[in-house]
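# coordinates only, sequence not included:
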């Protein structure tokens, strides 16, 4: 799996997305929201709504993933970035949908851009919300450039021929195991892989587990902390983990000044 595949999703992910989109589009075609029930026969409505939802799936499938990836790098909550994705995606969606709808039903040319945007936003918000609820793995981190190592589908992620594990990082459907000799992917879930570790370590972030022996220092970036690790790696520290790490002696005591 390459970093691009981890970022934008696998073919199987997209096949599932478009299968669900077809069902949603068919339902809307029968129901005919926004007065489209009176705009033409059932076949036309079905074609229109299935096509619209397919287009929306393509738009939001990309924008949501990219927004969540940007949020992880900026330390922003996934749901906030999903809201940003909904607002931006609805604008793109409105332009395309308006063009298709007016081509089919010229009487809709009187609709203002605000009307189109409002209607698309009303659809995009529940779509994005449902998307995140059904695909919680999207809230995990974006993969880094993959090292040419095979995916291990079974067995522990601990010490192997690659040497001691430095850290684990949740990556889409898998967990990336970093060692001094590179990295490899193992099948998740993340909690199961962590449970199989025999080295002393701690989960320092929702998407990161770090071996104690791998830590070489701490870097402060404003209110955010990152652990520097052997192998030129760094791992983010969630704010919820700071107290736990201080108590364990991973971080220096908080200054009273």
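Thanks, I have it. Given the structure is predicted, the values throughout are model-derived calculations rather than measurements. Numbers count the residues shown, from 1 in each chain.
# From here on, just use CA atoms for contacts and neighbour counts.
Will do.
# Output the below-cut-off pLDDT ranges for this structure.
1-10, 72, 134-162, 254-257 (pLDDT under 70).
# in it, which spans are helices?
3-8, 11-31, 42-74, 78-104, 113-134, 190-195, 239-247 (DSSP state H).
# Any chance of the ones you listed in JSON lines with distance to residue 206 and mean neighbour count as columns?
Output for the helices of the chain, formatted as JSON lines (distance: least, Cα to Cα, whole Å; neighbours: other Cα atoms under 10 Å):
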{"stretch": "helix 3-8", "distance to residue 206": "17", "mean neighbour count": "17"}
{"stretch": "helix 11-31", "distance to residue 206": "22", "mean neighbour count": "16"}
{"stretch": "helix 42-74", "distance to residue 206": "11", "mean neighbour count": "19"}
{"stretch": "helix 78-104", "distance to residue 206": "12", "mean neighbour count": "19"}
{"stretch": "helix 113-134", "distance to residue 206": "16", "mean neighbour count": "16"}
{"stretch": "helix 190-195", "distance to residue 206": "10", "mean neighbour count": "16"}
{"stretch": "helix 239-247", "distance to residue 206": "9", "mean neighbour count": "14"}
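# Ok, which of those comes nearest residue 205?
helix 239-247 (6.9 Å; Cα to Cα).
# Counting by contacts, list what the closest one packs against.
Where contact means 3 or more Cα pairs under 8 Å, 6 or more residues apart in numbering; DSSP states H and E, helix 239-247 is packed against strand 201-205.
# who does residue 229 bridge with?
Following DSSP bridges, residue 229 is listed with bridge partners residue 215, residue 233.
# Contact partners for it?
If you count contacts by Cα atoms under 8 Å, 6 or more residues apart in numbering, residue 229 has them with 166, 214-217, 235.
# what residues are up against the residue of the chain most remote from its centre?
Distance from the C-alpha centroid of the chain peaks at residue 107, with 39.3 Å (Cα atoms, centre = their mean). Residues in contact with residue 107 (Cα under 8 Å, 6+ apart): none are found.
# And it, how far from residue 43?
Between residue 107 and residue 43 the distance is 19 Å, computed by Cα to Cα, to the nearest Å.
# What of residue 15?
23 Å.
# next one: residue 250
64 Å.
# cool, residue 205 as well?
50 Å.
# now do residue 28
Distance, residue 28 to residue 43, using Cα to Cα: 12 Å.
# do the same with residue 129
Residue 129 is 29 Å from residue 43, by Cα to Cα.
# can you check residue 232 too?
Taking Cα to Cα, one finds residue 232 at 58 Å from residue 43.
# try residue 226
56 Å.
# OK, contacts around the residue lying closest to residue 82 once chain neighbours are set aside?
Among residues not flanking residue 82 along the chain, residue 64 sits closest, at 6.0 Å (Cα to Cα, 6 or more residues apart in numbering). Counting by Cα under 8 Å, 6+ apart, residue 64 touches 81-82, 85-86, 128.
# Output these as CSV; include the columns distance to residue 185.
CSV is the format used below for these (distance: Cα to Cα, whole Å):
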residue, distance to residue 185
81, 27
82, 27
85, 29
86, 31
128, 28
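# farthest-separated two in the residues you listed?
Farthest pair in those (Cα to Cα) is 81 and 128. Separation: 10.7 Å.
# Chain neighbours aside, what residue packs nearest to residue 116?
Here the residue nearest residue 116, using Cα to Cα, 6+ apart, is residue 94, at 5.5 Å.
# And residue 83, by the same measure?
residue 125 (7.6 Å).
# for residue 227, same thing?
residue 218 (4.6 Å).
# The one you found contacts residue 251, doesn't it?
Yes. Between residue 218 and residue 251 there is a contact under Cα atoms under 8 Å: 7.3 Å.
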